[in-house]
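Q: dropping a prediction and its sequence here:
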Amino acid sequence: MAPPAPIPPAPDAAPGPHSRPVTGIAGKVALVTGGSRGIGAATCRALAAHGAKVAVTGRDTAAVDAVVTAIAAAGGVALAAPADVTDPAAVDRLRTLVASELGPVEILAPFAGGQGAPVPTVALGLDRWRSVLDSDLTSVFLTVSAFLPGMVERRSGSVVLMSSTAGRVPSGANAAYAVAKAGVVMLARHLALEVGRHGVRVNCLAPSAVLNERMRRFMTEEQLTDLADSFPLGRIGRPEDVAEAVVYLASDAASWVTGAVLDLTGGRVTA
């Protein structure tokens, strides 16, 4: 078997003039939870590069500030809005802060979560089960519950939820994570049906393996190569691959797209 193609270099980390700007994003207020690292941070940068005013939310204040600084240095507009989105009171304070500093949220990307590490179901325990569901499903519900009413009232908005291939087909992830991500898929479809007539679109992304800090830290080069070779496109996903999908779904180019689940899997069929 031929060696896998190398992962192409990612675009510049900081936003700048985009070669093909999309319509319907410039000037809008976007909120990204889980925005301090990985897919969330890449999404903040991509939306800012297209002219959105981005509220960056995460629990790590220093990491949130670093993303905001990079966006501002490139001429973008960003607000540091650290919060624990599993806490209803914190989410309500977040809504108030963003509205007062940037304006009403028009693009919502509740991406916080990520407790997918393999654990046998018999070893999960109730506390871990509840923690994962709070992190990866309840946090999404709380964020949507805080910001969706304003979108419905204004009859405009785009919501992009974050699932995973683990929520689409059985995988090596723990069962609580799989159940939470499957719940995100159904939440997106249910909301799309509810709020479509109010001018609000709700879609969902389900990425497979996307290169992140944890993978770089704990996987050997051989393991990364083997993983890349398992995808028909011959490489692991990049955070920017997912971020550009968010840009599409938030833009006018997707104005007739709602209730969709976009599988970002490098060609690996999930269903």
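A: That came in fine, so what should we check first? Residues are numbered from 1 along each chain as shown.

Q: please count neighbours and contacts with C-alpha atoms only from this point.
A: OK.

Q: give me the most central residue, this protein.
A: Nearest residue to the geometric centre of the chain (Cα atoms, centre = their mean): residue 111, 3.8 Å.

Q: buried ones in stretch 242-255?
A: By 16 or more other Cα atoms under 10 Å, the buried positions in stretch 242-255 come out as 242, 243, 245, 246, 247, 248, 249, 250, 251.

Q: and for stretch 221-229?
A: Using 16+ other Cα under 10 Å as the test for burial, stretch 221-229 gives 224, 225, 226, 227, 228, 229.

Q: and residue 104, that one's in a helix?
A: No: counting by DSSP: H, G, I helix; E, B strand; the rest coil, residue 104 falls outside a helix, being coil.

Q: residue 94 is in contact with residue 104, correct?
A: No: assessed by Cα atoms under 8 Å, residue 104 is found out of contact with residue 94, at 11.6 Å.

Q: those two: which is more packed in?
A: Counted by other Cα atoms under 10 Å, residue 104 and residue 94 do not tie: residue 94 has more neighbours, with 23 against 19.

Q: for stretch 188-198, output the C-alpha coordinates as CSV.
A: The C-alpha coordinates for stretch 188-198 follow below in CSV (Å, rounded to 0.1, in the frame of the first residue of the first chain):
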residue,chain,number,x,y,z
ALA,A,188,-30.2,19.8,15.6
ARG,A,189,-32.9,18.1,13.5
HIS,A,190,-35.6,18.8,16.1
LEU,A,191,-34.7,22.4,16.4
ALA,A,192,-34.6,22.8,12.6
LEU,A,193,-38.1,21.6,12.4
GLU,A,194,-39.3,23.9,15.3
VAL,A,195,-37.7,27.2,14.2
GLY,A,196,-37.4,27.0,10.4
ARG,A,197,-40.6,29.1,10.0
HIS,A,198,-39.1,31.7,12.2
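
Q: after the helix or strand containing residue 141, heading C-terminal, what element do we hit next?
A: Using DSSP states H and E, residue 141 sits in helix 139-154. Counting by DSSP H and E, the element after helix 139-154 in chain order, helix or strand, is strand 157-162.

Q: which stretches of this protein form helices?
A: Taking DSSP state H as the test, the helices found in the chain are 38-49, 61-73, 88-101, 125-133, 139-154, 175-195, 213-218, 221-229, 239-250.

Q: quick one, what contacts the residue nearest to the centre of the chain?
A: With contact set as Cα atoms under 8 Å, 6 or more residues apart in numbering, residue 111 has these partners: 32, 33, 34, 35, 40, 140, 161, 162.

Q: contacts only, for the nearest residue to the third one once chain neighbours are set aside.
A: What sits nearest to residue 34 in space, not counting adjacent residues and going by Cα to Cα, 6 or more residues apart in numbering, is residue 112, at 3.9 Å. For residue 112, the set of contacting residues under the criterion of Cα under 8 Å, 6+ apart consists of 33, 34, 35, 40, 58, 85, 135, 136, 139, 140.

Q: what's opposite the first one in the beta bridge?
A: What it means is residue 33. Applying DSSP bridges to residue 33 gives these bridge partners: residue 57, residue 110.

Q: neighbours of it, how many?
A: Residues within reach of residue 33, counting by other Cα under 10 Å, total 27.

Q: ok, it touching residue 56?
A: Yes: Residue 33 lies in contact with residue 56 (Cα under 8 Å); the separation is 6.6 Å.

Q: low pLDDT regions in the stretch 1-150 of the chain?
A: 1-21 (pLDDT under 70).
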